[in-house]
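# Sequence first, then the predicted structure:
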Amino acid sequence: MKAVIQRVSRASVRMEGREIARIGEGILVLLGVKQEDTKREAELLAKKTANLRIFNDEQEKMNLSLLDIKGEALVVSQFTLYGNCKKGRRPSFIDAALPEKADLLYRNYVQYLKDYHITVQTGQFQAMMQVELVNEGPVTIILDSAEL
């Protein structure tokens with residue numbers, strides 16, 4: 001699994017002209033699921049996400065986690081994170097999990113975050129969405145479960 005994590009002061013998702021999710025201070029997570037991923041990767045990635053120290057303390061150092069600041073998370077499925085552009089100009093998505101598996105592991109990841117008592121909002125799986133955010137810092141971190 002891959003997660004692109006952005007520290008935000010606010011983020012939202014719109015679909016068909018209406019807002020379906022909104023958070024305040026916290027993180028926006030764009031989540032990609034690979035064919036070989038399992039619940040174990042979802043669990044490990046959620047633990048790392050919840051405890052990642054990317055928020056500023058009193059000395060303006062990134063020493064606080066989402067748990068420490070009691071922040072929110074907006075999680076959006078993003079199969080294009082596994083787009084392979086090595087050949088040609090059009091990405092191949094052969095490494096991305098099929099929708100049924102990806103949706104299940106996406107929901108597992110969300111539930112694991114909720115198990116940490118994090119308020120989680122989500123986008124709509126397999127839908128065309130408009131994601132809006134204010135990235136604070138900017139801070140953007142890429143996590144790959146293969147590297148945890």
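Right, received. Where do you want to start? Quantities reported herein were computed from a predicted structural model and do not represent experimental measurements. Numbers count the residues shown, from 1 in each chain.
# going forward, measure contacts between C-alpha atoms and count neighbours the same way
Fine.
# Report the contact partners of T38.
Applying C-alpha atoms under 8 Å, 6 or more residues apart in numbering to T38 gives the contacts L105.
# which residues touch the helix ranked longest in the chain?
Taking DSSP state H as the assignment, the helix of the chain that covers the most residues is helix 99-115. Identification of contacts with helix 99-115 by C-alpha under 8 Å, 6+ apart yields 31-35, 37-39, 42-43, 45-47, 50, 75, 77, 120, 125-126.
# looking at the sheet around the residue most central in space within the chain, what are its partners?
Nearest to the mean C-alpha position of the chain, by C-alpha atoms, centre = their mean, lies V29 at 2.0 Å. Assessed by DSSP bridges, V29 has beta-bridge partners I5, V75.
# Now do the contacts for it.
So, once contact is read as C-alpha under 8 Å, 6+ apart, V29 ends up touching 3-6, 73-76.
# ok, now how distant is it from A21?
13 Å (C-alpha to C-alpha, to the nearest Å).
# Find the residues that touch each one of these two.
Common contacts of V29 and A21, defined by C-alpha under 8 Å, 6+ apart, comprise L74.
# give me the low-pLDDT residue ranges for this protein?
Low-confidence segments of the chain, defined by pLDDT under 70: none present.
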